[in-house]
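Q: Sequence and predicted structure below; questions after.
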Amino acid sequence: MKRFEDKVALVTGAGGGIGLATANRIADEGGTVVAGILDESQRSAVERFDAVVLDVRSEDNWDGAMNHLVQAHGGLDVLVNNAGISPMATAEETSWELWDDVMAINLKGTFIGCKKAIPLMRSRGGGAIVNLASINAIRGNNRPRHLSRTGVA
């Protein structure tokens with residue numbers, strides 16, 4: 001038996017990179033994958049899967065994705081919160097607009113996904129949520145060259 005046999009998984013940010021690799025692995029392990037893609041331009045990358053356009057910042061988009069999962073697949077067993085952005089900018093270079101996008105996608109989007117997925121999983125007797133983050137979750141990666149290791153010029 002394959003690890004994801006008879007399981008339905010939603011992978012956000014599945015249009016490329018780690019999200020697409022995760023979707024492929026779950027499918028290879030017998031799972032039914034619904035690929036969460038940002039827009040229609042990513043649909044060809046996930047043609048192997050059922051796909052939903054899912055801007056993780058939008059509660060309405062999440063509601064649509066959950067409704068699709070129930071209608072098309074009977075529910076949800078696995079949520080992989082992979083969608084995220086990691087802009088390369090110093091604090092001084094980061095606009096409020098960029099900051100708000102990072103928080104909306106990386107934090108709020110993950111929370112909304114968990115909030116919406118838990119009732120579907122509970123109705124099926126349980127499930128699993130995997131929240132991905134980059135190394136930037138524990139340390140920064142863009143130290144300007146003109147600063148010393150202590151951050152003092």
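A: Structure received. This one's a predicted model, so the numbers in the text were calculated from it and none came from an experiment. Residues are numbered from 1 along each chain as shown.
Q: Off-centre distance for stretch 22-36?
A: The chain centroid and the centroid of stretch 22-36 are separated by 14 Å, computed with C-alpha atoms, centre = their mean, to the nearest Å.
Q: For stretch 13-29, buried residues please.
A: 13-15, 19-20, 22-24, 26-27 (16 or more other C-beta atoms under 10 Å). Just so you know, the C-beta spots here come from the backbone N, C-alpha and C atoms, and that holds for glycine as well.
Q: which stretches of this protein form helices?
A: Using DSSP state H, the helices of the chain run over residues 17-28, 59-73, 96-102, 109-123.
Q: just checking, what packs against the second one?
A: Packed against helix 59-73 by the contact rule (3 or more C-beta pairs under 8 Å, 6 or more residues apart in numbering; DSSP states H and E) you find strand 8-11, strand 32-37, strand 50-53, helix 109-123.
Q: Among these, which comes closest to Ser86?
A: helix 109-123 (13.7 Å; C-beta to C-beta).
Q: contacts for the closest one?
A: With contact meaning C-beta atoms under 8 Å, 6 or more residues apart in numbering, helix 109-123 is reached by 10, 12, 56-57, 59, 62-63, 65-66, 69-70, 75-77, 79, 81, 83-84, 127-129, 131.
Q: Return it as PDB; C-alpha atoms alone will do.
A: Output of helix 109-123 as PDB, limited to C-alpha atoms (Å, rounded to 0.1, in the frame of the first residue of the first chain):
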ATOM      1  CA  GLY A 109      -2.700  32.600   4.400                       C
ATOM      2  CA  THR A 110      -1.300  29.700   6.400                       C
ATOM      3  CA  PHE A 111      -3.700  30.400   9.300                       C
ATOM      4  CA  ILE A 112      -6.800  30.700   7.000                       C
ATOM      5  CA  GLY A 113      -5.800  27.400   5.400                       C
ATOM      6  CA  CYS A 114      -5.600  25.600   8.700                       C
ATOM      7  CA  LYS A 115      -8.900  27.200   9.900                       C
ATOM      8  CA  LYS A 116     -10.700  26.100   6.800                       C
ATOM      9  CA  ALA A 117      -9.100  22.600   6.500                       C
ATOM     10  CA  ILE A 118      -9.600  21.400  10.100                       C
ATOM     11  CA  PRO A 119     -13.400  21.000   9.900                       C
ATOM     12  CA  LEU A 120     -13.100  19.000   6.700                       C
ATOM     13  CA  MET A 121     -10.400  16.800   8.200                       C
ATOM     14  CA  ARG A 122     -12.300  16.400  11.400                       C
ATOM     15  CA  SER A 123     -15.400  15.200   9.500                       C
END
